[in-house]
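J.: Sharing a model that was predicted from the sequence below.
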Amino acid sequence: MTLLLDFLPIILFFGTFKFAGAQKEWATRFANEHFGFLVSGGVVGPDEAPVLLATLVVIVAMVVQVGITLARGKKVDKIVWLSFAIIVVLGAATVWFHNQTFIKWKPTAINWVLAVAFAGSQLLFKKNLIRATMGQQIQLPDPIWNRLNLSWIAFFVLMGALNLYVAYNFSLETWVDFKFYGGIGLPMLFIVLMTVYLARHMRSDEDDVSPKLPS
């Protein structure tokens, strides 16, 4: 359920963009009738309508998600607040300026901010965020925790760079496909690889054998 909520903005953006893109005439009319006041000049073009509507749906979904969490008296995770702020700021800029570049930067902004947060916590405060998250569930030697933290930092940096490469070298449609399939598939693949890596060392720990770090 948590993973579904994490990927919800990507799923909604992809679904709305594809639906509106397949019915551009309706999407353009709908966008102008209901959201024309949100854009500079008051007119939404046919090529702008799909990404504008997809962006608005994601913003509304994030507002609802945060609102429901707060209404239930639960704490909103910092990563959710981060995503919320970035989506609202870059999404609003995309809508107002008729410029898809802003929303294309959103995945990169989130990934790179996470990379800085993970690296900064380790370097400045000697706090391993991976260990802080998973340390109560599993026991691992310090070198393994540090390697995991570095692996996630590298992953966030590479995901941000890959997003920009696709955004600036391919069409909007290709970027949306990458955002959906890559934005869900690559993190899932990385999690599987990290799980396999952890399983190796946890088995070694259970057998009272010192884990060997890969060379």
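T.: Now that the structure is in, tell me what you want to look at.
J.: For the longest helix along the chain, name the packing helices and strands.
T.: Assignment by DSSP state H gives helix 142-169 as the longest helix of the chain. Counting contacts by 3 or more Cβ pairs under 8 Å, 6 or more residues apart in numbering; DSSP states H and E, helix 142-169 packs against helix 101-104, helix 106-125, helix 129-134, helix 172-177, helix 183-206. Where you see a C-beta, it was placed from the backbone N, CA and C, and this is true even at glycine.
J.: out of these, deepest packed?
T.: helix 101-104 (a mean of 19; mean count of other Cβ atoms under 10 Å).
J.: For that helix, C-alpha coordinates in PDB please.
T.: This file holds the C-alpha atoms of helix 101-104, laid out as PDB (Å, rounded to 0.1, in the frame of the first residue of the first chain):
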ATOM      1  CA  THR A 101      10.200  22.100 -18.900                       C
ATOM      2  CA  PHE A 102       9.300  22.900 -15.300                       C
ATOM      3  CA  ILE A 103       7.400  19.700 -14.700                       C
ATOM      4  CA  LYS A 104      10.100  17.700 -16.500                       C
END
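J.: Run the chain-centre distance for it.
T.: Centre-to-centre, helix 101-104 and its host chain are 13 Å apart (Cα atoms, centre = their mean, to the nearest Å).
J.: swap in stretch 112-127?
T.: Offset of stretch 112-127 from its chain centre (Cα atoms, centre = their mean): 18 Å.
J.: Would you mind writing the CA trace of it as PDB?
T.: Provided in PDB are the C-alpha atoms of stretch 112-127 (Å, rounded to 0.1, in the frame of the first residue of the first chain):
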ATOM      1  CA  TRP A 112      18.900  15.200  -6.300                       C
ATOM      2  CA  VAL A 113      17.400  16.700  -3.100                       C
ATOM      3  CA  LEU A 114      17.200  13.200  -1.600                       C
ATOM      4  CA  ALA A 115      20.800  12.500  -2.700                       C
ATOM      5  CA  VAL A 116      21.900  15.700  -0.900                       C
ATOM      6  CA  ALA A 117      19.900  14.800   2.200                       C
ATOM      7  CA  PHE A 118      21.300  11.300   2.400                       C
ATOM      8  CA  ALA A 119      24.900  12.600   1.900                       C
ATOM      9  CA  GLY A 120      24.500  15.600   4.100                       C
ATOM     10  CA  SER A 121      23.100  13.600   7.000                       C
ATOM     11  CA  GLN A 122      26.000  11.200   6.800                       C
ATOM     12  CA  LEU A 123      28.800  13.800   6.400                       C
ATOM     13  CA  LEU A 124      27.500  16.500   8.700                       C
ATOM     14  CA  PHE A 125      25.600  14.700  11.300                       C
ATOM     15  CA  LYS A 126      27.000  11.200  11.100                       C
ATOM     16  CA  LYS A 127      23.500   9.900  10.700                       C
END
